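# Sharing a model prediction with you, sequence too.
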Amino acid sequence: MMSTVDAAETGSAPGIGAGSSDTPPPPEHTAETAFARALQRIARGDLLVVVMSFVLAFLIGSVLIVIADQEVRETLGYFLARPSDALTAIWQSVSEAYRAMFRGAIFDGTGYSRAADSVREAGGSGTYVLIPALSAGLRPLTETLTVATPLIIASAGMAVSFRAGLFNIGGTGQLIVGAMAAGYVGFTADLPVVIHLLTCLVAGVIAGGIWGGIAGFLKARFGANEVISTIMLNWIATYLLFFALKTKAFTGANQSQPTSPSIGENAMLPPLLGDGFRLHAGLILAAGAAVLLWWLMSRSTIGFHFRAVGSNPRAAQVAGISPARTSFLVLAVAGALVGLAGAVHVLGTEKRLTEGVAGNIGFDAITVALLGRSGPVGIVLAGLLFAALSTGGRFMESSQGVPLDLVQVIQVLVVLFIAAPPLVRTLIGLRRVDHPGAAARVRRARRARTADGDAGKAAAASGAAAGAPTHRAGGPDPDPAPDPGPEADREAGPAPDADRPADPQEDER
Amino acid sequence: MSTAPVVVADDSAVERALDDTRPASWWHLPATTTVLGLLALVFFGLRGIPGVESVYVLARESDLNPLGIIPESVTLPSKGGAVAFSLLALALSAALWVLQARVARPRARLRVTLVVVFALAWILAFMTWVISQRTLDVTTLLQGTIVLAVPLAFGALSGVLSERAGVINIAIEGQLLFGAFGAALIGSLTGSVWIGLLAAPLMALIMGALLALFAVGYHVQQIIVGVVLNVLAIGVTSFFFGTVMRENPSQFNAAMRLPTLRLPVLADLPVIGRVLFDQNILVYLMWIIVAGLTVALFRTRWGLRVRAVGEHPKAADTVGIAVNLTRWKNVLLGSAVAGLGGATLTIGTGVAFGEEMSAGKGYIALAAMILGRYHPVGALLAALTFAFADSLQLRLGTMTASEGGVSIPGDFLLMLPYIVALFAVAGVVGRVRVPAADGQPYIKQ
């Protein structure tokens, strides 16, 4: 039954301790089972879980939309009299919300055709139509990339700490101080072109590193729990920003407004697609951050220390790596990366400091790093995805009146589902994959009966043909090893639900 | 020191042995208190405003105060008072130096007492400085402390319940938020504040069930589940707040308040009367639950089993305790308790539900639990400490808005509880022993 356990599928998720703890059984080599095995591979694979996680998360999101929709609630009031009304209303509100989300995140079809029409009216054709139309249509995608930029960099920082076994929840604080430092240098200093930008970025990195380093120091020196200390530092940084934006040093001439002046021209990250789009060179830095994460964790000595302490602090200590010193370094490096994200956000996107400059990036970065399994490719993909969801969500909020919080719920649900593959498989009816014990029991029962004689064998065959045996082994079997005999192949039927246990409680423990 | 000398030849050997056993970090605590004391002396004392007075109001005329045992108010010279309190703090630091340096293993009780008295002296120095030229009503300050401590204490108890059974509970924030949401929503829908009070723990159970499902059932990393569930709670409640509740606040989100239960006679005592005996039912419930849980955890069979599950699940399993079932139950129970704390935020204080209204209280509750060493009473004391900082912040915030005297930027005051929590967790009390199996999923072989 478990002939095709994909070993690479489990355990590649530092931080997410999800998992199937099944031991791989001896392989079975029969041509008939090839199809079944392929199905098994799909059922056990990551891809199915990821896809189904999204489907389930969006389904739950639809339920929220439906509950919140006044019209739907009204039509549900007379559901029994005219169910079609309610169903239409449900379909309307859900599909329009998600359509708006797509339109706001990836491709704006309306904008595309409107731009194309206006160019055609002016007498253009061919590429003269295509280019402005595409630029209108793809505008949401560039927005998504813009939003993804700081998110990816911050997630790289989070990934460093997660891979080292430290739970840095302080993204918000590190981001804020990074943004504050970069912004301050940005609008006060007056330096030449490239140097100014670099100084600002370095300022952000140093500030974030210090902020992360405080938590690291408290952890290394006093054993303070980093979860608590980073969260407390988030609040401290938040109020520090509020305070700073009331002082003359940060607000400039207009002290009544809690915003800073715009940063200098030289300090801004240059736009990538011209002034019409917000997308800026920070995207390259984001790609760089992902590469840096890969190099740091997979190629460098210090990264090796990080991972060693993360997987087993005691063994690392025996090997001569100081866990205390390493945990300080980890949080400082993580903070520095998150600080860079803050700097990039303020220098590229926001261009000035405001009270809400950090937004949700700090917390989103945690979920992105988890979703991306703290790997460079993973966080880039997850970052793009989360950015798409939130830009789409913003459009959905303005056009459909569905609050942006829905996106947050969907994001979180995706992370939760992906962290627990067995739950997803249970929800979509593939529970059997995670409970192979049931199949082994069926097999044992069958073997017992085949030993009884020909009549028993016939019964077993018919049972297998029926596909849903409702019996199980009578007594406790001292031998838990799966039986690799020829009978075993027979019940590897193509239907994934073929022999789910008749008694689900049975294999709960 | 693993091997003690059997025969002691001379005193120097004893000295050396003592030096060995004294931890290398023995000087941290007295050094910290000395620095803090000096800061207080310089900033609150010597740099204070001379010639003005600070007034503490203690009793009111209507109080039951025979012969005026408790004076109605105490007036101190601001500068002189702050200097005196700072000097007292410094004297206590000196005592700590002696205690820590001389005794190999300082008696913990004495040390804790010294630290507590030091903290009191330091806070009094600070307050005397900050209320120069003004009047502080001590009763209001303490009353606020209790009210603010309730959500923290319930949250910390939720943490104690689940972490004693070995499940890390970062999701306290979400449980508080769901409790607050449930109390406001169901209370408004039914029009009864008591039904709202019942609904709060039930609503928080949803969070608890999710935590248990993922942490116990599916062995997902528990810190991650907690953090993610908090975001989920914020998302879900904000979503409904932005849609259903905003459309029709009178039906779905009305401001309601639990009645105040005033105990006759006792409530008329000066200072403590109004602080302890003139509160709503949640405050009384807090005392009862703390006491009950302390007894239950440390004096009953149930408590022994819970602790066994949290310390050594395999051993517990061997003697027939259902480990994961116990964990499920404790997480659910804990979340219900936290839900009561959430109810304090809405129906306990008479405000409607607001977006993210728990504002990090769940995390402070977590800090309180750790600071309270996973003990209900300790958690309560820590919660009271944080609540005091918060209450002081609120009083001073309204006070410093007026002219004259010392003024501290409001944002620094808002930071105060978090700074206190950070320092507390960073180890004024030293390292805390965590339940051995905390955070480790139990997979039966």
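Alright, I've got the coordinates.
# Past whichever helix or strand B:Gly235 is part of, which element shows up next along the chain?
B:Gly235 belongs to helix B:222-240 when assigned by DSSP states H and E. Going down the chain from helix B:222-240, the next helix or strand is helix B:246-247, by DSSP H and E.
# Could you give me the buried positions within whichever helix or strand comes after that next one?
Next along the chain after helix B:246-247, taking DSSP H and E as the criterion, comes helix B:249-252. In terms of neighbour count (16 or more other C-beta atoms under 10 Å in any protein chain shown), helix B:249-252 has its buried residues at B:Phe252. In this view, the C-beta of every residue, glycine as well, is placed from N, C-alpha and C.
# what is the mean pLDDT for helix B:249-252?
Per-residue pLDDT values over helix B:249-252 give a mean of 84.
# next helix or strand past the helix or strand bottoming out on mean pLDDT in chain B?
Every helix and strand of chain B was ranked by mean pLDDT, DSSP states H and E. The lowest is helix B:11-21, at a mean of 56. Per DSSP H and E, the first helix or strand lying C-terminal to helix B:11-21 is helix B:28-39.
# other SSEs contacting the strand or helix carrying A:Ser84?
Per DSSP H and E: A:Ser84 is located in helix A:83-105. Packing partners of helix A:83-105 (3 or more C-beta pairs under 8 Å, 6 or more residues apart in numbering or on different chains; DSSP states H and E): helix A:46-68, helix A:70-77, helix A:139-163, helix A:376-400.
# Specify the angle between it and helix A:46-68 in degrees.
Counting by axes from the mean of the first three to the mean of the last three C-alpha atoms, to 10 degrees, helix A:83-105 points 120 degrees away from the direction of helix A:46-68.
# And for helix A:83-105, what's in contact with it?
Applying C-beta atoms under 8 Å, 6 or more residues apart in numbering or on different chains, the contact partners of helix A:83-105 are A:58, A:62, A:65-66, A:69, A:71-72, A:75-76, A:78-79, A:109-110, A:140-141, A:143-144, A:388-389, A:391-396, A:399-400, A:402, A:406-407.
# Give me the buried subset of these.
A:58, A:62, A:65-66, A:69, A:72, A:75-76, A:140-141, A:143-144, A:388-389, A:391-396, A:400, A:402, A:406-407.
# What about chain B: which of the contacts of helix A:83-105 touch it?
Among the contacts of helix A:83-105, the residues that sit close to chain B (C-beta under 8 Å from any C-beta of the partner chain) are A:69, A:402, A:406.
# which among the residues you listed gets closest to A:Val227?
When these are ranked by distance to A:Val227 (C-beta to C-beta), A:Leu406 comes first, at 27.5 Å.
# Let me know the helix or strand that that closest one is in.
Counting by DSSP H and E, A:Leu406 is part of helix A:405-419.
# So the helix or strand that that helix is followed by, near chain B or not?
Counting by DSSP H and E, the next helix or strand C-terminal to helix A:405-419 is helix A:421-427. Yes - using C-beta under 8 Å from any C-beta, we find that helix A:421-427 touches chain B at A:422-423.
# Could you find the closest non-adjacent residue to the most centrally placed residue in chain A?
In chain A, the residue lying closest to the centroid (C-alpha atoms, centre = their mean) is A:Leu371, at 2.8 Å. Residue nearest to A:Leu371 in three dimensions, not counting chain neighbours: A:Ala382, with 4.0 Å by C-beta to C-beta, 6 or more residues apart in numbering or on different chains.
# Enumerate every residue touching the one you found.
A:155, A:368-369, A:371-372.
# Let's see the pLDDT reported for it.
Model confidence at A:Ala382 (pLDDT) stands at 92.
# For B:Val236, see how far away it is.
Look at A:Ala382 and B:Val236: by C-beta to C-beta, to the nearest Å, they are 22 Å apart.
# Quick one: the contacts of A:Ala382 as JSON lines, columns for pLDDT too.
As requested, the contacts of A:Ala382 are exported to JSON lines (pLDDT from 0 to 100):
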{"residue": "A:Ser155", "pLDDT": "95"}
{"residue": "A:Val368", "pLDDT": "91"}
{"residue": "A:Ala369", "pLDDT": "91"}
{"residue": "A:Leu371", "pLDDT": "85"}
{"residue": "A:Gly372", "pLDDT": "87"}
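# Quick check: the farthest pair among those?
Greatest spacing in those, by C-beta to C-beta: A:Ser155 and A:Leu371 (8.8 Å).
# What distance do you get for the residue of the stretch 1-150 of chain A found nearest chain B to A:Phe102?
In the stretch 1-150 of chain A, the residue found nearest to chain B is A:Ala68; the distance is 3.6 Å by C-beta to the nearest C-beta. From A:Ala68 across to A:Phe102, the span is 20 Å (C-beta to C-beta).
# tell me the domain boundaries of chain B?
Chain B resolves into domains spanning B:28-133, B:139-431 when parsed by automatic domain parsing.
# those helices in the stretch 251-400 of chain B, which residues are they?
Under the criterion DSSP state H, counting those that start in this stretch, the stretch 251-400 of chain B contains helices at B:272-277, B:281-299, B:301-311, B:313-318, B:323-343, B:361-371, B:376-400.
# which parts of the third one are buried?
Using 16+ other C-beta under 10 Å as the test for burial, helix B:301-311 gives B:303, B:305-311.
# Let me know the closest of the residues you listed to chain A.
B:Val309 (15.2 Å).
# pretty sure that closest one is touching B:Ala315, no?
No - B:Val309 is beyond contact range of B:Ala315, at 9.4 Å (criterion: C-beta atoms under 8 Å).
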